[in-house]
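>>> what's the 3D shape of this:
(chains A, B and C)
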Amino acid sequence: MPELPEVEVICRGLRPHLIQSTIIDVHCSDKNLRVPLPRTALRGLIGQTITKISRRAKYLLIHPADSSLLIVHLGMSGRLGLFQAHDPLQRHDHVRWLLNNGLELRPNDPRRFGSVHMLSSEQARNRKQGFFHSCGPEPLNKRTTAELLHNQAQGRKQAIKTLLMDGRFIAGIGNIYANEALFATRIHPGKPAGSLSLANWQHLLGKLQAILHNAIACGGSTINDFLGASGESGYFQVNFKVYGRAGKSCSSCGQEIQKIQTSGRTSFFCPHCQQK
DNA sequence: ATGGCCTCCTGTATGC
DNA sequence: TGCATACAGGAGGCCA
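Got it, this is the predicted structure:
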C-alpha cells in the first residue's frame, strides 16, 4: 500500500526515465478506477513533453510542458510500472502512456482504489485552492512544525492514530507509518489527540520524520503489492516494529504486540510500552 | 465543527 | 481439496 515513502521512491525512480520525454500515445481501459478515468483530457496529453515529476501527499504529479497536470494516486494495491512498449500487457493495466523513448508507463491497480486525474493549466495553477484544498501539511516540510500540529489538535478527542491517518490533518501517513511512529514514541494509538503535549508532538513529529526518511532510503516497504518504479522491492518492512506483528514479541520489552480496531482501522501496539 | 461509519474493489488468507 | 467468507485499506461522502 503506497504511502508517502513509497510514492516518493516511485517519483525518484521515474524521474530519469520520464523527464524530457514526450507522450506520443495514450490508452485507457474500459474500467474505471475509484473515479472515472478522464479519457478525453488524457488524450490531450499526446504531444506533451514531461518537464517535472513531483509528489504531494500520496499523489504523484506529472507536469507536462503546457502547465497542465497529470495526477496519479495508487490507492492501496497500485503499482506504476515502466515497461518497454512491446512488453505484454498485464491484467489491471488501466492506462498506458507511450513515450518517445520507447518506454510505456502503466498504472496497474487490481483493487481499483487508485485514481487518475487531469487538471487544466488553470486548475493546476490554482490547485492549492482546488484539487489539494483539503490536503494537510507535508510531514517532511520544514514549515510543518510540532507547534502547528499541537495547535491544530487542540480540543480533538479523536484517537491520535486516526488523526495521523487523516490526510487533512497531515499528508501521506497511512496505517503502517502511523503505527510505527506511535510505537517509536510510546504513545497509545487510542490516546485522544488533544491530550498530547507540545513535547509529545515534538517527539512524535521527529520520530515520524526519521521513520519516513529511513523508509525512503530503504526503497519503501513491500507489502503485498508495492514495487518501486523499476519493479524492485523496497526493504523497509524488515524494520517494522509493530505493524503486522500481532502476537509477536515487542522488540523493546518482549510483551506480545496487540491488535485493536481504531475508528475501524487495525492498530498494532505494545500494551506495555504504549499506555494511555 | 467533529467524529464515526460506509462505500468502492479484488487478491489473499482463513475456516469449515 | 474445494468452497465460502473475512479481511485489507485511502479518500470522500454521509449522517448524527
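>>> only C-alpha atoms for contact and neighbour calcs from this point on.
Will do.
>>> quick one, what contacts the closest residue to DNA strand C within the stretch 151-276 of chain A?
Of all residues in the stretch 151-276 of chain A, A:Gly174 sits closest to DNA strand C, with a separation of 3.6 Å (C-alpha to the nearest atom of the strand). Neighbour list for A:Gly174: A:Glu3, A:Leu164, A:Met165 [criterion: C-alpha atoms under 8 Å, 6 or more residues apart in numbering].
>>> want to try JSON lines for these, with pLDDT as columns?
Formatted as JSON lines, the contacts of A:Gly174 follow (pLDDT from 0 to 100):
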{"residue": "A:Glu3", "pLDDT": "85"}
{"residue": "A:Leu164", "pLDDT": "94"}
{"residue": "A:Met165", "pLDDT": "92"}
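>>> Tell me the one among those nearest to A:Ile24.
A:Glu3 (29.9 Å; C-alpha to C-alpha).
>>> The closest one contacts A:Ile173, correct?
Yes. At 6.3 Å, A:Glu3 and A:Ile173 qualify as touching, with contact defined as C-alpha atoms under 8 Å.
>>> Pretty sure A:Tyr177 sits in a helix.
Yes. The assignment for A:Tyr177 is a helix, going by DSSP: H, G, I helix; E, B strand; the rest coil.
>>> and it, what pLDDT?
A:Tyr177 is assigned a predicted lDDT (pLDDT) of 90.
>>> Tell me how far it lies from DNA strand B.
Computed as C-alpha to the nearest atom of the strand, to the nearest Å, the A:Tyr177 to DNA strand B distance reads 19 Å.
>>> Would you check that that residue makes contact with A:Leu208?
Yes. Applying C-alpha under 8 Å, one finds A:Tyr177 in contact with A:Leu208, separated by 7.4 Å.
>>> re the thing from before, so which of A:Glu3 and A:Ile173 has more stuff around it?
Neighbour count, other C-alpha atoms under 10 Å: between A:Glu3 and A:Ile173, A:Ile173 has more, with 27 against 24.
>>> show me what contacts that one?
Going by C-alpha under 8 Å, 6+ apart, A:Ile173 touches A:Glu3, A:Leu4, A:Leu164, A:Met165, A:Asp166, A:Gly167.
>>> which SS class is it?
coil.
>>> Worst mean pLDDT across the helices and strands of chain A, which element?
Ranked by mean pLDDT, DSSP states H and E, the weakest helix or strand in chain A is strand A:79-84, scoring a mean of 84.
>>> what lines up beside it in the sheet?
strand A:103-108 (antiparallel) (DSSP bridges).
>>> Is DNA strand B within reach of the partner strand?
No. Judged by C-alpha under 7 Å from any atom of the strand, strand A:103-108 makes no contact with DNA strand B; its nearest approach is 10.8 Å.
>>> What segments of the stretch 101-250 of chain A are helices?
A:121-125, A:146-152, A:160-164, A:175-184, A:198-217 (DSSP state H, counting those that start in this stretch).
>>> could you dump those to a markdown table with distance to A:Arg43 and mean neighbour count?
Output for these, formatted as a markdown table (distance: least, C-alpha to C-alpha, whole Å; neighbours: other C-alpha atoms under 10 Å):
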| stretch | distance to A:Arg43 | mean neighbour count |
| --- | --- | --- |
| helix A:121-125 | 15 | 15 |
| helix A:146-152 | 41 | 16 |
| helix A:160-164 | 37 | 23 |
| helix A:175-184 | 35 | 23 |
| helix A:198-217 | 33 | 18 |
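>>> which ones are touching A:Asp25?
Going by C-alpha under 8 Å, 6+ apart, A:Asp25 touches A:Arg43, A:Ile46, A:Trp97, A:Leu98, A:Leu99.
>>> Next, format the residues you listed as a markdown table and append pLDDT, secondary structure and distance to A:Arg55.
Putting the contacts of A:Asp25 into a markdown table (pLDDT from 0 to 100; DSSP: H, G, I helix; E, B strand; the rest coil; distance: C-alpha to C-alpha, whole Å) gives the following:
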| residue | pLDDT | secondary structure | distance to A:Arg55 |
| --- | --- | --- | --- |
| A:Arg43 | 93 | helix | 23 |
| A:Ile46 | 97 | coil | 22 |
| A:Trp97 | 95 | strand | 19 |
| A:Leu98 | 95 | strand | 21 |
| A:Leu99 | 95 | strand | 21 |
